[in-house]
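Asks: What shape does this take:
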Amino acid sequence: MGLLDGKRLLVTGVLTDDSLAFGVARLAQEEGAEILLTSAGRALGLTKRTARRLPAEPEVLELDVTAHEHASQVAAHIESTWGHLDGLVHSIGFAPDACLGKGILQAGWPDVSTALEISAYSLKLLADAFAPLLERAEAGGSVVGLDFDATVAWPGYDWMGVAKAALESLARYLARDLGPRGIRVNLVAAGPVRTMAARSIPGFSKFEDVWDDRAPLGWDVNDSSSVARAVVALLSDWFPKTTGEIVHVDGGFHATGA
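Replies: Below you'll find the model as predicted:
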């Protein structure tokens with residue numbers, strides 16, 4: 001038996017096969033889950049091509065978190081096909097160029113608001129749209145978001161770091177409000193992994209240079225399997241009373257000093 005036998009999951013954020021969400025989707029299928037992917041805009045075709053590399057090619061639907069009606073349309077599709085949802089993976093983040101690598105003072109509100117809407121508010125948008133389906137899950141619904149530790153200021157991360165801090169706070173409030181409906185909300189704070197998204201961050205190599213040396217368990221920037229395992233575990237029935245948590249999967253880097 002797989003850890004997710006019989007589960008039906010919605011996974012966002014699969015772009016290429018180096019995406020953290022791709023590793024989650026692949027492992028989820030290997031553990032017995034049926035999955036649905038979403039993507040948006042020009043990335044939709046890329047996601048559809050990448051979906052073919054999974055053990056079983058899933059359906060891919062359009063879901064642009066800046067077009068709020070998309071979430072309700074995807075929810076209606078799931079309602080008509082599955083009738084419920086066991087888990088949701090939030091792996092969505094974007095910041096305009098002005099928000100990254102130029103210091104915190106340079107970006108104006110239009111760019112900052114875009115970063116916050118897509119990278120943080122989208123978790124609320126999806127949790128709200130899919131809560132009626134998640135609360136029907138037999139063992140309770142699970143929302144898991146992918147995070148990057150927001151307790152410190154990182155080189156080049158700038159407004160994306162602020163967006164991640166908002167995501168962390170939002171996850172706690174969603175955990176509070178959705179818990180009575182049987183829905184858990186947790187985050188996995190991953191160490192740096194060489195994904196398409198990571199490569200777009202100015203100064204990403206600075207993370208790579210120090211992470212493996214300082215992480216007590218070591219760290220491989222080319223291996224996302226430990227992140228996928230943590231997400232799949234939180235989607236499973238093995239954490240029935242865990243919510244509002246941030247699970248660090250970073251080799252222990254977050255717990256060390258200089």
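Asks: And residue 103, how close does it get to residue 153?
Replies: 11 Å (C-beta to C-beta, to the nearest Å). In short, each C-beta sits where N, CA and C put it, glycine included.
Asks: the strands in this structure, which residues?
Replies: 8-12, 34-39, 59-62, 87-90, 141-147, 183-190, 246-249 (DSSP state E).
Asks: Take those strands and write them to CSV, including mean neighbour count, distance to residue 77 and mean pLDDT.
Replies: As requested, the strands of the chain are exported to CSV (neighbours: other C-beta atoms under 10 Å; distance: least, C-beta to C-beta, whole Å; pLDDT from 0 to 100):
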stretch, mean neighbour count, distance to residue 77, mean pLDDT
strand 8-12, 24, 10, 98
strand 34-39, 22, 8, 98
strand 59-62, 16, 6, 98
strand 87-90, 27, 14, 98
strand 141-147, 27, 17, 98
strand 183-190, 26, 20, 98
strand 246-249, 19, 30, 98
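Asks: possible to save those as JSON lines with distance to residue 22?
Replies: As requested, the strands of the chain are arranged in JSON lines below (distance: least, C-beta to C-beta, whole Å):
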{"stretch": "strand 8-12", "distance to residue 22": "9"}
{"stretch": "strand 34-39", "distance to residue 22": "9"}
{"stretch": "strand 59-62", "distance to residue 22": "12"}
{"stretch": "strand 87-90", "distance to residue 22": "11"}
{"stretch": "strand 141-147", "distance to residue 22": "12"}
{"stretch": "strand 183-190", "distance to residue 22": "13"}
{"stretch": "strand 246-249", "distance to residue 22": "16"}
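Asks: Residue 167 and residue 148 touch, don't they?
Replies: No: the pair residue 167 / residue 148 is not scored as a contact, 9.2 Å apart, by C-beta atoms under 8 Å.
Asks: who has more neighbours, the two?
Replies: Higher neighbour count among residue 167 and residue 148: residue 167, with 26 against 23, using other C-beta atoms under 10 Å.
Asks: For that one, which non-adjacent residue is spatially closest?
Replies: residue 120 (4.5 Å; C-beta to C-beta, 6 or more residues apart in numbering).
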